[in-house]
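Trainee: fold the following.
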Amino acid sequence: MFGRRFKPSLWGTLAALAGVTAGIALGQWQLGRAQHKLELAQVMRQRATEPAIHIGATELAAAEVEHRAVEARGRFDERGMVLLDNRIRGGVVGYEVVMPLRLAGDEMSVLVNRGWVPGTGDRRRLPQVRTPPGEVLVTGIAVVPGRNLYELSAQAIEGLVWQNLTIERYRTHMKYRIQPTLIQQTNDLGDGLVRQWGMSEREINVHRSYALQWFSLSLLIALMYFFLSLRRVPAND
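Mentor: Predicted structure coming up:
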């Protein structure tokens, strides 16, 4: 007669330990990301209700206005437009339109993410963007773009199409004198662009879902390790 005894191998134990540890660590990291975004969303909601800060010609400290409601008056400069690639809304691939707003009475500008426009379906043909003429008042939320920037491709800029944006990258390539922050525009200036900002509950739940997957993988590895380590041995052994 034969029975089964738990007799794991050294290499099997090390591999299982590494897998379980990695899964737990990655799950905790995803939970941390979810908590960070939840707290950030609360801060953004709180600051958005405070009186708007006027952005003028005097250079600001980005930390003083980040996630605050802001306003700026000036003229959009189409020559400085960039299109942020692969931005998806409702399953449709498009671009976010970033353009400098030349502040009234000065050479200083502030970058404005004016909103989203759908792509044309042909990478060689960029979408047409309507820009309001004359002086306008832009209201929105101040953010620091590209803080957690991670790029898979070294080809980050293709003409007007950029994969990502940072203030320093824009200053280097476009040679504009700009504020160290970007406005995510919220008011409608009749341009037809889509503006959906903020941290959604769905985005936070994605991290929780990933965490559950990593923890489940850790459990699966532990169970496989246990059952694969059961060896047949004589019952009287």
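
Trainee: how close does residue 201 sit to residue 181?
Mentor: Plainly put, residue 201 is 26 Å away from residue 181 if you go by CB to CB, to the nearest Å. From N, CA and C alone the C-beta is placed, and that goes for glycine too.

Trainee: when these two are compared, which one has more neighbours?
Mentor: Neighbours per residue (other CB atoms under 10 Å) separate residue 201 from residue 181, with residue 181 holding more: 24 against 10.

Trainee: I'd like the mean pLDDT over the top strand by length along the chain, please.
Mentor: If you go by DSSP state E, the chain has its longest strand at strand 92-103. Strand 92-103 comes out with an average pLDDT of 95.

Trainee: against which helices or strands is it packed?
Mentor: strand 69-76, strand 82-89, strand 109-118, strand 178-185 (3 or more CB pairs under 8 Å, 6 or more residues apart in numbering; DSSP states H and E).

Trainee: quick one, that strand and strand 109-118 angle?
Mentor: 160 degrees (axes from the mean of the first three to the mean of the last three CA atoms, to 10 degrees).

Trainee: show me where the protein has helices.
Mentor: Along the chain, counting by DSSP state H, helices occupy 10-48, 62-65, 167-174, 201-228.

Trainee: dump those into a markdown table; add mean pLDDT as well.
Mentor: Shown next, in a markdown table, are those (pLDDT from 0 to 100):
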| stretch | mean pLDDT |
| --- | --- |
| helix 10-48 | 86 |
| helix 62-65 | 88 |
| helix 167-174 | 92 |
| helix 201-228 | 89 |
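
Trainee: and the ones you listed as TSV, adding distance to residue 137?
Mentor: Putting the helices of the chain into TSV (distance: least, CB to CB, whole Å) gives the following:
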stretch	distance to residue 137
helix 10-48	17
helix 62-65	17
helix 167-174	22
helix 201-228	30
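
Trainee: so which of those helices comes closest to residue 161?
Mentor: Residue 161 lies closest to helix 167-174 among the helices of the chain, at 12.5 Å (CB to CB).

Trainee: now the closest one: how far from the chain's centre is it?
Mentor: On the basis of CA atoms, centre = their mean, to the nearest Å, helix 167-174 sits 19 Å off its chain's mean C-alpha point.
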